[in-house]
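**Student:** kindly generate the corresponding structure for this input.
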Amino acid sequence: MTDSATASASGSQRARAITRAAQELVAERGWTHVTVDDIAVRVGISRRTFFNHVDSKESAVLGTLPQLTEAFVDQLHGPAEDDLLGHIVRVAAAAASAQGAGIEDWRRLHHVLVANPDLIPRFKERVETLFAELVGHISSRPDVDEQQARVVVTAAAAVFQLSVEDALDRPGLGAFAERIETNLALLRDAAGPRA
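**Tutor:** Below you'll find the predicted structure:
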């Protein structure tokens with residue numbers, strides 16, 4: 001691994017540690033009773049190091065959304081294995097996984113949002129920004145217009161969300177990747193032609 005790749009992996013791990021600590025503290029004390037300094041102390045870093053990895057307390061707490069890196073954007077623009085819906089869901093799942101987000105991370109974030117409903121609009125804004133980015137990338141494909149992109153990204157988001165909920169609420173249904181494939185199949189079956 002190169003020095004820059006090692007530094008990037010280390011930085012990613014540090015950002016995840018900051019998010020984990022921020023979520024734990026907010027779950028314990030509430031959003032308004034946690035400061036950047038509290039988070040930095042919990043992680044064992046300086047305030048300056050905190051801001052080298054995240055730009056705000058809000059970013060630390062809500063930092064688990066998949067990031068569309070250049071590699072994932074390239075995948076979005078690449079050929080779909082089967083259909084565009086499945087392609088988008090799998091790329092989003094891979095982006096979340098590459099970021100290190102797992103079931104426990106989503107469970108912690110869910111708990112924080114339920115306990116601190118004033119954060120929900122902020123989280124929703126981040127999701128809407130990610131949605132708009134995805135629509136922009138998908139609609140830039142030569143065979144997809146903007147409305148088609150909005151529809152397929154909305155369906156992909158629903159499959160992704162349901163798969164996360166399944167993983168949180170019914171872990172016996174299988175691994176997250178299995179839930180995605182099952183939910184995609186259920187959507188295709190339900191939306192398919194009827195005799």
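
**Student:** care to break this protein down by domain?
**Tutor:** 1-61, 62-195 (automatic domain parsing).

**Student:** next, format those domains as a markdown table and append mean neighbour count.
**Tutor:** All C-beta atoms are positioned from the backbone trio N, CA, C, and that covers glycine. What follows is the domains of the chain, written out as a markdown table (neighbours: other C-beta atoms under 10 Å):
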| stretch | mean neighbour count |
| --- | --- |
| domain 1-61 | 16 |
| domain 62-195 | 15 |
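
**Student:** and stretch 129-141, average pLDDT?
**Tutor:** Confidence over stretch 129-141 (mean pLDDT, whole number) is 91.

**Student:** quick check: nearest residue in space to residue 173, chain neighbours excluded?
**Tutor:** Distance criterion C-beta to C-beta, 6 or more residues apart in numbering; nearest residue to residue 173, sequence neighbours excluded, is residue 166 at 5.3 Å.

**Student:** identify the residues contacting that neighbour.
**Tutor:** Neighbouring residues of residue 166 by C-beta atoms under 8 Å, 6 or more residues apart in numbering: 173, 179, 183.

**Student:** surely the first one and residue 179 touch.
**Tutor:** Yes. With contacts defined as C-beta atoms under 8 Å, residue 173 counts as touching residue 179 at a distance of 6.0 Å.

**Student:** what touches both of these two?
**Tutor:** Shared contacts of residue 173 and residue 179, counting by C-beta under 8 Å, 6+ apart, come down to 166-167.

**Student:** hang on, the earlier thing: pick the one among the contacts of residue 166 closest to residue 63.
**Tutor:** Set against residue 63, the nearest of the contacts of residue 166 by C-beta to C-beta is residue 179 (23.1 Å).

**Student:** okay then, goodbye and thanks.
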